[in-house]
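Chemist: Structure for this input, please:
(one chain, ligands or ions: 2)
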Amino acid sequence: MRAGSTLGETPPVAGGWREGDPNGRRRWFAGELPGLPLRIAYETWGTLNADRSNAVLVLHALTGDSHVAGPAGPGHPTPGWWDGLVGPGRALDPAEWFVVAPNVLGGCQGTTGPWSTAPDGRPWGRRFPDVTVRDQVAAEVLLADALGISAWAAVLGGSMGGMRALEWAASVPDRVKTLLVVAAPAASTAEHIALASAQLRAIDLDPVAGMGVARRIAHLSYRSEPELAERFGRAVQPDGRYAVESYLDHHADKLARRFDPESYAVLTRAMNGHDVGAGRGGVRAALSGVRARTIVAGIDSDRLYPVRQQAEIAEGVPGADLRVITSPHGHDAFLIEVDQVGALVTELLKDG
Ligand SMILES: CC(=O)SCCNC(=O)CCNC(=O)[C@H](O)C(C)(C)COP(=O)(O)OP(=O)(O)OC[C@H]1O[C@@H](n2cnc3c(N)ncnc32)[C@H](O)[C@@H]1OP(=O)(O)O
Ligand SMILES: N[C@@H](CCO)C(=O)O
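Modeler: Ligands and ions are numbered 1, 2, ... in the order given. You can find the predicted model right below:
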């Protein structure tokens, strides 16, 4: 089941709640998409106001999780990935906004994915269905329903999170008042699919070593060529490895300690299938149906999702603005240039 999907034909079934994490802020929602029982791990900051108008949905990228802000801890192996965005006096001040961040469907940080137990009592593993970005959003819609949020004040996301944010605005336009898409395309291109296919092939051959190779390939696409030249040049370390080789080894080893290879493969396939226009008469038609006040931001040094791909989204969404984040760091600048992202969030919420 692909190209659009939402798994079965019947409407999603809303579910109930599961116990929260007594040591942290993480909570779980249990529900069901047609043919796929699911639970979603999510974190929140702030309080939903009486008229339920202050809810902001924050969507993470490929190896991120629900932990947008705060130190690393149980269930969230890395510190908050947009830590500078959430907190007193920041763009998403919990005194004003109710921030919700789910771990994605197919992920491995608390939400149903290949590591989870299937209805037959065994881990899903490689049997986990090929979920699409649209399915991931359908799961998040169930969470929003359960939280009583009929419309988000803002939906924000970068990279794979940006794909989901855009898909939200296309799937349920009346439920997204403002939208920020950072460093994401309207549809994955041949280049994206090619890069990802090499990664998937490596994981297929050997899940653990293969994910290391995949991360090396991916991480290169996340940083810019001038940055690598500037930082590492042709330097060789005492152990004989090029410094840049050692840098990639480091990122591969780090990911192996915190991420499930099958989940990496499921999410990568979902990104390959990303096409906001699928089943909607094409990208232009899908974008023209977005109702949210929209900012689309690209990064001037991003070689993975170059600015022209965000320009395509901004041209297609009625009234959208295109912004460019300046950074030497390439695609990963959506995580690093938090001040620039924060300024866009502030602008968006002011307009909303
Ligand atoms: C939204 C989200 O979805 S993503 C979740 C968070 N994302 C990640 O963790 C992805 C992996 N990490 C990254 O991509 C990046 O580290 C970012 C984007 C988070 C931060 O970028 P930067 O601050 O520029 O970090 P950079 O890429 O330079 O990496 C620094 C690390 O490389 C190590 N390093 C630098 N040079 C070398 C070298 N020659 N050999 C070995 N290691 C090296 C540093 O010691 C440091 O290690 P540490 O992270 O364990 O402390
Ligand atoms: N560093 C990011 C890049 C993907 O957008 C991640 O690991 O999720």
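
Chemist: where do the strands sit along the stretch 101-250 of the chain?
Modeler: Using DSSP state E, counting those that start in this stretch, the strands of the stretch 101-250 of the chain run over 154-158, 178-182.

Chemist: partner strands of the first one, parallel or antiparallel?
Modeler: Each strand that strand 154-158 pairs with, and the sense of that pairing, follows from DSSP bridges: strand 55-59 (parallel), strand 178-182 (parallel).

Chemist: Output the strands of the stretch 101-250 of the chain as a markdown table; include the columns mean neighbour count, distance to ligand 1 and mean pLDDT.
Modeler: The way it works is simple: take the backbone N, C-alpha and C, and place the C-beta from them, glycine included. Putting these into a markdown table (neighbours: other Cβ atoms under 10 Å; distance: least, Cβ to the nearest ligand atom, whole Å; pLDDT from 0 to 100) gives the following:
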| stretch | mean neighbour count | distance to ligand 1 | mean pLDDT |
| --- | --- | --- | --- |
| strand 154-158 | 30 | 6 | 98 |
| strand 178-182 | 29 | 10 | 98 |
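
Chemist: Out of those strands, which gets nearest to ligand 2?
Modeler: Closest to ligand 2 of the strands of the stretch 101-250 of the chain is strand 154-158 (Cβ to the nearest ligand atom; 6.8 Å).

Chemist: Number of residues surrounding I193?
Modeler: For I193, the tally of surrounding residues (other Cβ atoms under 10 Å) stands at 16.

Chemist: hmm, back to that, which one of the strands of the stretch 101-250 of the chain lies closest to G31?
Modeler: Distance to G31, taken as Cβ to Cβ, is lowest for strand 154-158 among those, at 19.1 Å.

Chemist: and A30, what element?
Modeler: Following DSSP states H and E, one finds A30 within strand 27-33.

Chemist: lowest-pLDDT helix or strand in the protein?
Modeler: Ranked by mean pLDDT, DSSP states H and E, the weakest helix or strand in the chain is strand 13-18, scoring a mean of 57.

Chemist: What angle do strand 55-59 and the lengthiest strand in the chain make with each other?
Modeler: The longest strand of the chain (DSSP state E) is strand 36-45. With axes from the mean of the first three to the mean of the last three Cα atoms, to 10 degrees applied, the angle from strand 36-45 to strand 55-59 works out at 120 degrees.

Chemist: closest point of the stretch 1-150 of the chain to ligand 1, which residue?
Modeler: Closest to ligand 1 within the stretch 1-150 of the chain is G64: 2.2 Å, counting by Cβ to the nearest ligand atom.

Chemist: Grab the nearest non-local neighbour of that residue.
Modeler: Nearest non-adjacent residue to G64, counting by Cβ to Cβ, 6 or more residues apart in numbering: W81, 5.0 Å away.

Chemist: Would you map the helices across the stretch 151-300 of the chain?
Modeler: Secondary structure of the stretch 151-300 of the chain (DSSP state H, counting those that start in this stretch): helices located at 160-171, 190-205, 207-222, 225-232, 243-256, 261-273, 283-288.
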